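> Build me a model:
(chains A, B, C and D)
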Number of protein chains: 2
Amino acid sequence: MKSQMLKGILEGCILKLIEKETLYGYDIIVRLKEFNLSMVSEGSIYPLLHKLQKAGYITGRRVKSAEGPMRKYYKITDEGKNYLDEFQLHWRELDGAVNQIFEEEYDDNPAQKRI
Amino acid sequence: MKSQMLKGILEGCILKLIEKETLYGYDIIVRLKEFNLSMVSEGSIYPLLHKLQKAGYITGRRVKSAEGPMRKYYKITDEGKNYLDEFQLHWRELDGAVNQIFEEEYDDNPAQKRI
DNA sequence: CTCACTACCTTGCTTTACAAGTTATTAAAT
DNA sequence: ATTTAATAACTTGTAAAGCAAGGTAGTGAG
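I've put the predicted structure just below:
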């Protein structure tokens, strides 16, 4: 997947993941990779998490881990939920517009092409 | 629509529009607005067209117009078509990933939630 | 003791997008 | 004749986004 396609969208995705369940940064990276967003790396995620926290969309708290250094768990705020709703609307608009532009023709029977 | 969601995607969209038919910059802006990509403006489009031309993905030629100054019509190249195919693959991946993350639960009957 | 995995963070760079301006042509309105 | 509006292309300066490449540190296995 190309990286420069992600601008702005990554923010919404990690906010959505945090909305579903409280997560820490490293875990978010692992999960995004599971969703085939393979290009996301720590240099993208951690600064974004700090930005979201500064904006008041998430809150973080440090928790000791038995398997490594301390984890910083993030939780979404009410403001964050509002922002996420907005993002979702914008994403749907963008998604619809781009898919409309790239819409395929029905080549197997052009005469009966659907409208 | 929010503007910062567009990074990278705008490029693919205008390349696709040029693939469908030879277009000039001003017309591309009008068409993108018709697709509800209302935030696109000249400051985004013209530099992008120059970048695409420099990369060899499109070629431009100036044509006189009866309704105003000269138009610069752009046509996609074979290289541009290859690049567009790549873009389309990447877009589908991104689209699938994001929609999976934002997938709604089937609240009306959680017990029979689809897999 | 070293290696690998986990976990967080920062610096510096490139790319992207866009607001706000400029210039110029045509046609309609004043 | 002059202003206005629409058309059409372009540039400058700025902000934002993403990421590679580094660093630091804890845990556990070999």
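> Can you name the residues of chain A sitting close to DNA strand C?
Neighbours of DNA strand C within chain A, by C-beta under 7 Å from any atom of the strand: A:4, A:7, A:24-27, A:42-43, A:46-47, A:49-50, A:65, A:67-73. Placement of C-beta: from N, CA and C, glycine included.
> Buried only: go through these for me.
A:24-26, A:49, A:71-73 (16 or more other C-beta atoms under 10 Å in any protein chain shown).
> Please list the members of those residues that lie in strands.
Here DSSP state E is the test, and these give A:24, A:71-73 as lying in strands.
> just those now: which is nearest residue B:56?
Proximity of these to residue B:56 (C-beta to C-beta) peaks at residue A:24, which lies at 44.6 Å.
> Which parts of chain A are strands?
Going by DSSP E, chain A shows strands at A:23-24, A:58-63, A:71-76.
> Poorly predicted segments of chain A, please.
A:2-5, A:105-115 (pLDDT under 70).
> repeat that with 80
Flagging of chain A using pLDDT under 80 yields the residue ranges A:1-7, A:38-39, A:104-115.
> what residue is smack in the middle of it?
Nearest to the geometric centre of chain A sits residue A:13, at 1.1 Å (C-alpha atoms, centre = their mean).
> In contact with it: list those residues for me.
A:32, A:35, A:37, B:97-98, B:101 (C-beta atoms under 8 Å, 6 or more residues apart in numbering or on different chains).
> hmm, which two among those are most spread apart?
Maximum distance among the contacts of residue A:13 (C-beta to C-beta): 10.6 Å, for A:32 and B:98.
> Just give the nearest non-adjacent residue to residue A:40, would you?
Leaving out its chain neighbours, the residue that sits closest to residue A:40 by C-beta to C-beta, 6 or more residues apart in numbering or on different chains is residue A:32, at 4.7 Å.
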